[in-house]
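[1] have a look; sequence and predicted model below, questions after that.
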Amino acid sequence: MSSKVFVALRVKASRERAFEAFVGEIGAWWRPNTLFATTPRPPGRLAFEAGEGGRLTETLANGKVFEIGRILAWAPPERLVFSWRQASFPPDLTTEVEVRFEAVGEETRVSVEHRGFDQVPRDNVARHGFPDQALGMRLAEWWRDLLTGLGDAAQ
């Protein structure tokens, strides 16, 4: 698998609105995926704590909070970078997600680059036994689905 997956989609919103929807409304538009679940429990609600160093968390139905990652770069409305981990990852492993918001006329091109999934050990449950190329394709499909949800929410 390549060390990164890249997906981009135009949304019918300004950069400011797209960024705000991505960060401030992630709990509403995020579409859980069983292949890339953050924990082995039923999906919870995602939320960002705004600003560099802020957390991306998932609050489960039982009230437990799982820290998915931390914001590494915060540059509204242009760019957001955050670490990403699933509970099944080795304790010292995180991947990285970079999201860019580029004005294209009255729309915004939202691009996501998810880096580092190739570091997940081949026998780790997060890989579901997929060879690298298939895992990358599945990850890209999921991000495309997520960006579609963002586009719906940002309008």
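    Structure's in. What do you need? Numbers count the residues shown, from 1 in each chain.

[2] hey, let's count contacts and neighbours off CA atoms from now on
    Fine.

[3] mind checking how far Glu98 is from Ala73?
    With the distance defined as C-alpha to C-alpha, to the nearest Å, Glu98 ends up 9 Å from Ala73.

[4] point out where the protein drops to low pLDDT.
    Within the chain, the segments meeting pLDDT under 70 span 1-2.

[5] pick out the residue nearest the middle of it.
    Val97 (6.2 Å; C-alpha atoms, centre = their mean).

[6] now that residue. Nearest residue, chain neighbours left out?
    Closest residue to Val97 apart from its sequence neighbours, by C-alpha to C-alpha, 6 or more residues apart in numbering: His114 at 4.4 Å.

[7] returning to what we had before: what strand or helix carries the residue nearest to the centre of the chain?
    Using DSSP states H and E, Val97 maps to strand 95-104.

[8] could you say what helices and strands that strand packs with?
    helix 15-24, strand 79-84, strand 107-115 (3 or more C-alpha pairs under 8 Å, 6 or more residues apart in numbering; DSSP states H and E).

[9] make sure Leu150 is indeed in a helix.
    Yes - under DSSP: H, G, I helix; E, B strand; the rest coil, Leu150 falls within a helix.

[10] for it, what are its contacts?
    Contact partners of Leu150, counting by C-alpha atoms under 8 Å, 6 or more residues apart in numbering, are 11, 18, 21-22, 26, 29-30.

[11] coming back round to it: surely the residue nearest to Val97 meets Val81?
    No - using C-alpha atoms under 8 Å, His114 makes no contact with Val81, being 9.7 Å away.

[12] now do the shared contacts for those two.
    Residues touching both His114 and Val81 (C-alpha under 8 Å, 6+ apart) are 96-98.

[13] save the residues you listed as JSON lines, and put in distance to Pro121 too.
    Shown next, in JSON lines, are these (distance: C-alpha to C-alpha, whole Å):
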{"residue": "Glu96", "distance to Pro121": "16"}
{"residue": "Val97", "distance to Pro121": "19"}
{"residue": "Glu98", "distance to Pro121": "22"}
